[in-house]
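K.L.:
coords please:
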Amino acid sequence: MSGSRRARLCPGYRSVIGITSRTGFLDPGYLPLALAVRISGGRPRRLRAGAAEVAVFHGLIIGGGSDIFPGLFRRGARRNYRYDHYRDAMEVALLRHAESERIPVLGICRGAQLLNVVHGGSLHISIEKAFSGVRYPRGRFRRALLRRLVRIHPESRLGRILARPRGFVNSLHQQAIDEVGAGLRVTARELNGVIQAVEHQDYDFRIGVQFHPELMLYRRAFRRLFRSLVHAADTRRCGLV
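P.N.:
Predicted coordinates:
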């Protein structure tokens, strides 16, 4: 549906997309996500762990960040690792709220993992230990430049949005989905088997991607992913389903 038609049917149609971020005031990871939402026609709103305000949103992005506390999926915690328990609790509550209200959700990296955990799945604590031949360069900048080939299920929602059966994605993660949660199906994998995307079969838009599409907005396919989220939020908010 075109923007002009949405505007006629739903005045003030610029839907609010909530974007979660870590506890504290500064989170550089929020900025590229906010840009992706804004250029896709949505209005970004930061959802900060520990904030007192209650935010209204029509679509939800669970962003990347620190590792999820392993106790949420029945695994032992790493020693000397600083988990963000406030963020974990906030995002679990937001995902359950979005599930009950059928609010469109896009989980990115940590967000895809948490989406899986909320549906009863588990994670590999270390990809390098779980999969043979998986190695990552040292340093966050060098890892941001790394690209991995993934195969995408063409009949999945993600496959239809990206409109390609395979492609190269970035690879900033140290953990990955292990046991897949109830109702979710795997829609993209690396050639070595690492899961790169899942989506819920009973919802119009409840997708998790292990990579960071907001850092690859120069590619049309990933801009379509954010536009599709905003469109799903518009559709639900305006009662155009």
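K.L.:
contact partners for the spatially most central residue of the chain?
P.N.:
For the chain, the residue nearest the mean C-alpha position is Gly107 (1.7 Å; C-alpha atoms, centre = their mean). For Gly107, the contacting residues are Ile61, Ile62, Gln113, Leu114, Leu115, Ile207, Gly208, Val209, by C-beta atoms under 8 Å, 6 or more residues apart in numbering. Backbone N, C-alpha and C define where each C-beta goes, glycine included.
K.L.:
repeat that for Asp178.
P.N.:
By C-beta under 8 Å, 6+ apart, the contact set of Asp178 is Gly121, Ser122, Leu123, His124, Ala130.
K.L.:
Ser122 too?
P.N.:
The contact partners of Ser122, taken as C-beta under 8 Å, 6+ apart, are Phe73, Arg74, Arg75, Asn116, Ile177, Asp178, Glu179.
K.L.:
show me which pair in these is furthest apart.
P.N.:
The span of those, defined through C-beta to C-beta, is set by Arg74 and Ile177 at 14.6 Å.
K.L.:
pick out whichever of these two has more residues nearby.
P.N.:
Ile177 (24 against 8; other C-beta atoms under 10 Å).
K.L.:
thought that one was touching Leu114?
P.N.:
No. When contacts are counted by C-beta atoms under 8 Å, Ile177 is not listed as touching Leu114 (10.4 Å).
K.L.:
and the helices in this structure, which stretches?
P.N.:
For the chain, helices defined by DSSP state H occupy the ranges 3-9, 30-39, 85-101, 110-118, 127-130, 140-145, 157-162, 220-237.
K.L.:
now, of those helices, which is deepest in the fold?
P.N.:
With neighbours defined as mean count of other C-beta atoms under 10 Å, the helices of the chain peak in mean count at helix 110-118, which reaches a mean of 27.
K.L.:
now that helix and helix 85-101, what's the angle there?
P.N.:
Per axes from the mean of the first three to the mean of the last three C-alpha atoms, to 10 degrees, the angle that helix 110-118 makes with helix 85-101 is 70 degrees.
K.L.:
against which helices or strands is helix 110-118 packed?
P.N.:
Of the remaining helices and strands, those touching helix 110-118 by 3 or more C-beta pairs under 8 Å, 6 or more residues apart in numbering; DSSP states H and E are strand 59-62, helix 85-101, strand 105-108, strand 123-124, strand 176-177, strand 195-200, strand 206-209.
K.L.:
quick one: Tyr81 from Asp67, how far?
P.N.:
7 Å (C-beta to C-beta, to the nearest Å).
K.L.:
comparing those two, which residue is more hemmed in?
P.N.:
Between Tyr81 and Asp67, Asp67 has the larger neighbour count (other C-beta under 10 Å), namely 19 against 10.
K.L.:
quick one: that one from Gly24, how far?
P.N.:
Going from Asp67 to Gly24 by C-beta to C-beta gives 16 Å.
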